[in-house]
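Participant: I would like to see how this sequence folds:
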Amino acid sequence: MLIAAAVCPCPPLLVPEVAAGAAPELDPLRAACAEAIAVVAAARPERLIVVGPAGPAGRGSHPQGAGGSFRGFGVDLEVRLGGPAVPDAFPDTGADAVPDAASDQRRTLPPSLAVGAWLLEHAGWDGAVPVEGLGVGEPLAAERCKEVGRELAAGAERLALLVMADGSACRTLKAPGYLDERAAAFDAAVARALGSADPAALAALDEELAEELKAAGRAPLHVLAGAGEGAALKGELRYDEAPYGVGYFVADWS
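Facilitator: Model prediction:
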């Protein structure tokens, strides 16, 4: 059963070593992420799953202790997901979302989950709580994403999610996806849904529009929508800005 969730954006720029001289610009965003993760920790979950968008090589489950790096972004920095390895306990949610490769400890975390691992480490996450990762392909249909979320939350254990999700990438002329007049309204809908802990509103996000707006977080948000059904949690939106023309949100549900 889902008892808490945090939503954070997943740009590698959240890692100061990657951001370099621009690092101070995102200090408020990092602080908001730490606050949201602290709320999740205070809920005393028995299990944490970090969910984030992933390309084909990073899709599926990633066990505790799985490693990632930021070498692809010019920084010799490595992270590990939640500390030392533990036996895999990830449910079978189907080959399309969770390929059978979780037992391979050497699998590299996709960038979104590497950022999540960094956030957990720097928020002082209690390593006593088992942590796993789930990389979700952005093409995965909304209904399948929600089904995965429901399956994750179906157990009796106290489950928490750390959802790594960016909004649109089309908020300004210099944004990665250039300016799209629909982007602000799309991001506003995401922010409202997160701030009110409304799974139905998240579930209603248009996956075709999200793809057009290059929203690298639609699939993880739909996983959260499925996991949050019936949980009756309360939400708090801690950050809602678009630095660099990309919608970034931080929220917690508890």
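Participant: Which of the residues in the worst-scoring helix or strand of the chain on mean pLDDT are classified as buried?
Facilitator: Here the helix or strand of the chain ranked lowest by mean pLDDT, DSSP states H and E is helix 16-19, holding a mean of 92. Of the residues in helix 16-19, 16, 18, 19 count as buried by neighbour count, 16 or more other CB atoms under 10 Å. Glycine gets a C-beta too; all of them are placed from N, C-alpha and C.
Participant: ditto for stretch 182-193
Facilitator: Of the residues in stretch 182-193, those buried (16+ other CB under 10 Å) are 183, 184, 186, 187, 189, 190, 191, 193.
Participant: Would you quantify the distance from the first one to residue 166?
Facilitator: Read that as residue 183. 12 Å (CB to CB, to the nearest Å).
Participant: show me where the chain has strands.
Facilitator: Secondary structure of the chain (DSSP state E): strands located at 2-8, 47-53, 60-62, 67-69, 78-80, 131-136, 159-164, 235-241, 248-253.
Participant: and the third one, average pLDDT?
Facilitator: In this model, strand 60-62 carries a mean pLDDT of 96.
Participant: How about the fifth one?
Facilitator: Throughout strand 78-80, pLDDT has a mean value of 94.
Participant: Would you mind pulling up the elements that that strand packs against?
Facilitator: On a contact count with 3 or more CB pairs under 8 Å, 6 or more residues apart in numbering; DSSP states H and E, strand 78-80 meets strand 67-69, helix 111-122.
Participant: Buried deepest among those, which one?
Facilitator: Mean neighbour count (mean count of other CB atoms under 10 Å) peaks for helix 111-122 among those, with a mean of 26.
Participant: My guess is residue 138 contacts residue 214. True?
Facilitator: No: taking contacts as CB atoms under 8 Å, residue 138 lies outside contact range of residue 214: 9.6 Å.
Participant: hang on, the earlier thing: tell me which of the strands of the chain sits nearest to residue 150.
Facilitator: strand 2-8 (9.8 Å; CB to CB).
Participant: Now for the nearest residue to residue 224 once chain neighbours are set aside, how many residues are close by?
Facilitator: Once flanking residues are discounted, residue 224 sits nearest to residue 163: 4.9 Å by CB to CB, 6 or more residues apart in numbering. Per other CB atoms under 10 Å, the neighbour tally for residue 163 reads 29.
Participant: Go through stretch 230-241 and flag the buried ones.
Facilitator: Neighbour-count burial for stretch 230-241 flags 231, 233, 235, 236, 237, 238, 239, 240, 241 (criterion: 16+ other CB under 10 Å).
Participant: If the last one is in a bridge, with which residues?
Facilitator: As for beta bridges, residue 241 partners with residue 248 under DSSP bridges.
Participant: need the helices for the stretch 101-250 of the chain, in chain order.
Facilitator: 111-122, 142-152, 183-195, 199-203, 207-212, 218-227 (DSSP state H, counting those that start in this stretch).
Participant: Let me have those in a markdown table, adding mean pLDDT and distance to residue 56 as columns.
Facilitator: Output for the helices of the stretch 101-250 of the chain, formatted as a markdown table (pLDDT from 0 to 100; distance: least, CB to CB, whole Å):
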| stretch | mean pLDDT | distance to residue 56 |
| --- | --- | --- |
| helix 111-122 | 96 | 13 |
| helix 142-152 | 97 | 16 |
| helix 183-195 | 98 | 25 |
| helix 199-203 | 98 | 25 |
| helix 207-212 | 96 | 16 |
| helix 218-227 | 98 | 13 |
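Participant: quick one, which of those helices is nearest to residue 34?
Facilitator: Residue 34 sits nearest to helix 111-122 of all those, at 7.0 Å, using CB to CB.
Participant: quick check: angle from that closest one to strand 159-164?
Facilitator: Relative orientation of helix 111-122 versus strand 159-164 (axes from the mean of the first three to the mean of the last three CA atoms, to 10 degrees): 120 degrees.
Participant: correct me, but residue 155 touches residue 1?
Facilitator: Yes: if you go by CB under 8 Å, residue 155 and residue 1 touch, sitting 7.2 Å apart.
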